[in-house]
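>>> pasted the sequence and its predicted model underneath.
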Amino acid sequence: MSIQVSQVKGDVVELIFNPREEDLRVGETLRIQERDSGEGLVVQVVAFRMVTYPSLIQEQLELVIGNAPPLSRELLTYLSEAQETLQEYDASEARNLKIAISKIRKLTGRRWDQWDGWIPIRDVEVTRVSDHELFENCIDDLGNPLHLGQTLRGEPFFIEGHYLEKVNVITGVKGAGKSYLSKVVLLELINAGAPCVVFDLNKEYIHLPKQDVDPHTGEVRTRGILHLKAGENLKLGVRQFGLSPLVTMLTRFGLPDVSAMYFENRMARLLQEAWHMERQGRTPPFIGIQHLIDMAEELEFSQNEGVSAAIRSRLEAARNTGVFADQPGEATSLQAEYDKIRNGGALVIDISSLTNLSRQGFVQAIIDIIREICERELQRGTGCFPFVFFEEAHLYISHNTIGYIVTRSRHLGITCFFVTNMIGGLDETVLRQVDNLFLLYLPFDDDVRHISKSAMVDQETMGSFVKRLRRHHALVLGDVTRQYPVIIKVKELKGIHTAGETQYFFKPKRRQAPQVHTTVPELVVPQALQHDIPEAEHNGVPPDQPPLPLSAPSQPTSEEQMLLARLQARWPDIVTSLRDKSAFLGSVLIAGNPMKLQDQVLSITFTARDAFHRDMLEEPEYRALVEKELSAVLQQPVTIVCHMIT
């Protein structure tokens, strides 16, 4: 028995097949071709269901019984064909038949074409589409191949580097292998001679192969990464940092709007003076963060002592981040570092040691420098534009900055990779502009609906594929596949340390063995000591000793319940008050609910969809602000704990 067409409904084709003869897989591509005309369809399997011919006939009969008209000629013909098929197979074979639910993708021909609604007659032949034909119609080759893995049939899978530009998303649930896939892409780009920049939030990339340079000639012998750690071998002067990122950082540290206005006006004039000196051929003085602190003490930003004190305190906080150079020799020239990897390599910018409050301004400063690098490449006509990887970008980049990167990337030449397992954190601006999706296992409907806003493929196909992906398998979709969904197995990086720096208390003491159900061995007591042990039942309790009762959990007192009720009633006002101090904190706290107050500990619950808000509230800076506000409301010290509810 070959694969047979059962029915066509809209863009869905149901195919009957015997898995003992044709073992199909989700994601497999098939051709349905008329025997007479040669015209046909390209379909892709998205799901399966078990069925036998008798049950299929019963389903058809149920549609026509009752008040429906008599059986149609087509249905009678179909039933007769089914009967003939049943005569060819015994009952056991019929019970094993399956139905493959397939989506219509293309029209066949010399080249695949967009489907226009045409469907074939029943006299068709269903065959597999070879990987070679799939590559010819979906994968372009302009001489820049990047090897990502292999197809489901084991054929090497390459994408064209030209179509990897400009906006890409790599996402999947935690543990699915998204960071591993991003490292595969990164190393392929490095080997192809592309300059890359990685914002490494969790030390995921610092163990990749380092760049090897001949100390005598300066020639790069082996392409690799350069590890730049913020606050150590990566420090910036105030002019390098830039005015806008500096104001952003100080604002995150709580600089009031009035003080920020005075600071920005004076700094703009100071930077303008330095620019004019350079235009005149003179060398402007180096500006360090200490110089700005001295200016604040001398009331150069404002004659108001309160304003100057606010500016000075935030500048001191900025200095404590360690990312500012005090002397010209300490400042890192990111342009010079970029020149080291412009013919292939990666600048891994380690921001793991920065606080949440300082990351946003620092990353914004680096992005501004990257923009200047792109503008220089445009002016020179060299075209060595960077490929920039953002790990969990929404944690340290504002929505406005993300929007700027995405919308301006095509004009500046930047190619972006947004790597995240917090799918809900992906901004819609990114999804609307995305060129390629690299999706790993996504079991949740909410995540599928969110990622489907990219409109790359229908939501049904998206959900069917990403919910069934095995570990280290990925769905590739976008310009690199001409919008055709392709499932691949990501290649193995042999001999390369790809794991991040995860810290554990418990260290493995023996090799992991397969988990099997075992029982606890009985305690063997020496014969000489057995007379001292009272006889015990199987549960370990002597017969003459009653089991200890379980202690009841303590409950909040009536006074604590009254305080909680008052707190819940005033919760919207508390959120508003905290929003005035920190807009971000207000948006975080509004997702929580105060549920229990006991022993001066307030439990705040969050739903599973608000896991990001819970994590942010557990940061020391935000926790301290909330606890201070709540302690003032309740007139007693309060500690908060966050819980997740399903």
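All right, it came through fine.
>>> hey, let's count contacts and neighbours off CA atoms from now on
Will do.
>>> between the two ends of stretch 236-244, how far is it?
14 Å (Cα to Cα, to the nearest Å).
>>> how far does it sit from its chain's centre?
30 Å (Cα atoms, centre = their mean, to the nearest Å).
>>> where in the stretch 51-200 of the chain is pLDDT low?
Judged against pLDDT under 70, the low-scoring parts of the stretch 51-200 of the chain cover residues 51-95.
>>> same question, the chain
Where the chain drops to pLDDT under 70, the residues are 1, 51-95, 499-503, 511-554, 583-584, 609, 612, 646.
>>> any idea what Val42 is bridged to?
Beta-bridge partners for Val42, by DSSP bridges, are Arg31, Lys106.
>>> give me the neighbour count for it.
Residues lying near Val42 (other Cα atoms under 10 Å) number 24.
>>> how far away is it from Leu469?
For Val42, the distance to Leu469 - Cα to Cα - is 22 Å.
>>> can you pull out the helices in the stretch 401-550 of the chain?
428-433, 445-451, 459-466 (DSSP state H, counting those that start in this stretch).
>>> now do the strand or helix carrying Phe390: which elements does it pack against?
If you go by DSSP states H and E, Phe390 is part of strand 387-391. Contact analysis of strand 387-391 by 3 or more Cα pairs under 8 Å, 6 or more residues apart in numbering; DSSP states H and E lists strand 195-200, strand 415-420 as its packing neighbours.
>>> quick check: chain neighbours aside, which residue is closest to Asn202?
Ser352 (5.6 Å; Cα to Cα, 6 or more residues apart in numbering).
>>> likewise Asn436?
Sequence neighbours aside, Gly478 is the residue nearest to Asn436 in space, at 4.2 Å (criterion: Cα to Cα, 6+ apart).
>>> other residues contacting the helix or strand hosting Asp368?
Using DSSP H and E, Asp368 sits in helix 356-380. Defining contact as Cα atoms under 8 Å, 6 or more residues apart in numbering, one finds that helix 356-380 is touched by 240-242, 245-249, 252-253, 318, 321, 323, 334-335, 351, 383-386, 395-398, 401, 412-414.
>>> that helix: which residues count as buried?
Using 16 or more other Cα atoms under 10 Å as the test for burial, helix 356-380 gives 356-371, 373-375, 377-378.
>>> next, the angle from it to strand 387-391.
Interaxial angle of helix 356-380 relative to strand 387-391 (axes from the mean of the first three to the mean of the last three Cα atoms, to 10 degrees): 170 degrees.
>>> how far is helix 356-380 from where the chain is centred?
With Cα atoms, centre = their mean, you get 22 Å for helix 356-380.
>>> what does stretch 430-449 give?
Computed by Cα atoms, centre = their mean, the chain-centroid distance of stretch 430-449 equals 9 Å.
>>> send me that stretch as PDB with only the CA atoms.
Provided in PDB are the C-alpha atoms of stretch 430-449 (Å, rounded to 0.1, in the frame of the first residue of the first chain):
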ATOM      1  CA  VAL A 430      11.200  42.700  17.000                       C
ATOM      2  CA  LEU A 431       8.600  40.100  16.000                       C
ATOM      3  CA  ARG A 432       7.100  42.400  13.300                       C
ATOM      4  CA  GLN A 433      10.600  43.100  11.800                       C
ATOM      5  CA  VAL A 434      12.200  39.700  12.200                       C
ATOM      6  CA  ASP A 435      13.800  38.100   9.200                       C
ATOM      7  CA  ASN A 436      14.600  34.600  10.600                       C
ATOM      8  CA  LEU A 437      13.300  32.500  13.500                       C
ATOM      9  CA  PHE A 438      15.300  29.700  15.100                       C
ATOM     10  CA  LEU A 439      12.900  28.000  17.400                       C
ATOM     11  CA  LEU A 440      13.500  25.200  19.900                       C
ATOM     12  CA  TYR A 441      11.100  23.300  22.100                       C
ATOM     13  CA  LEU A 442       8.200  25.500  23.100                       C
ATOM     14  CA  PRO A 443       5.500  23.600  25.000                       C
ATOM     15  CA  PHE A 444       3.200  26.500  26.100                       C
ATOM     16  CA  ASP A 445       0.400  27.900  24.000                       C
ATOM     17  CA  ASP A 446       0.900  31.400  25.200                       C
ATOM     18  CA  ASP A 447       4.500  31.400  23.900                       C
ATOM     19  CA  VAL A 448       3.400  29.900  20.600                       C
ATOM     20  CA  ARG A 449       0.700  32.600  20.200                       C
END
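>>> buried stuff in it?
Going by neighbour count (16+ other Cα under 10 Å), the buried part of stretch 430-449 is 430-431, 434-443, 447-448.
>>> reformat the residues you listed as a markdown table; add distance to His132.
A markdown table is the format used below for the buried residues of stretch 430-449 (distance: Cα to Cα, whole Å):
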| residue | distance to His132 |
| --- | --- |
| Val430 | 32 |
| Leu431 | 30 |
| Val434 | 27 |
| Asp435 | 24 |
| Asn436 | 22 |
| Leu437 | 22 |
| Phe438 | 21 |
| Leu439 | 23 |
| Leu440 | 24 |
| Tyr441 | 26 |
| Leu442 | 29 |
| Pro443 | 31 |
| Asp447 | 33 |
| Val448 | 30 |
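>>> of those, closest to Leu597?
Nearest to Leu597 out of the buried residues of stretch 430-449 is Asp447 (Cα to Cα; 33.6 Å).
>>> tell me which residues touch the closest one, please.
Ile423, Gly424.
>>> how far away is it from Glu330?
For Asp447, the distance to Glu330 - Cα to Cα - is 45 Å.
>>> with Phe301 instead?
The value you get for Phe301 to Glu330, if Cα to Cα is used, is 26 Å.
>>> from the chain's centroid, how far away is stretch 169-182?
Relative to its chain's centre, stretch 169-182 lies at 6 Å (Cα atoms, centre = their mean).
>>> quick one: contacts of that stretch?
Counting by Cα under 8 Å, 6+ apart, residues outside stretch 169-182 touching it are 204, 417-423, 434, 436-443, 471-472, 490, 498.
>>> can you rerun that using 7 Å?
Stretch 169-182 is touched from outside by 417-421, 423, 436-442, 471-472, 490, 498, with contacts defined as Cα atoms under 7 Å, 6 or more residues apart in numbering.
>>> let's see the PyMOL selection covering just the buried ones among the contacts of helix 356-380.
To isolate the buried members of those in PyMOL, using 16+ other Cα under 10 Å:
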select buried, resi 240+241+242+245+246+247+248+249+252+253+318+321+323+334+351+384+385+386+396+397+412+413+414
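>>> in a helix, Ser603, correct?
No - counting by DSSP: H, G, I helix; E, B strand; the rest coil, Ser603 falls outside a helix, being strand.
>>> among the buried residues of stretch 430-449, which lie within strands?
Asn436, Leu437, Phe438, Leu439 (DSSP state E).
>>> for stretch 639-646, buried residues please.
Neighbour counts over stretch 639-646 (16+ other Cα under 10 Å) mark Thr639, Ile640, Cys642 as buried.
>>> then stretch 222-229?
Arg223, Gly224, Ile225, Leu226, His227, Leu228, Lys229.
>>> quickly find the element holding Asp339.
If you go by DSSP H and E, Asp339 is part of helix 334-341.
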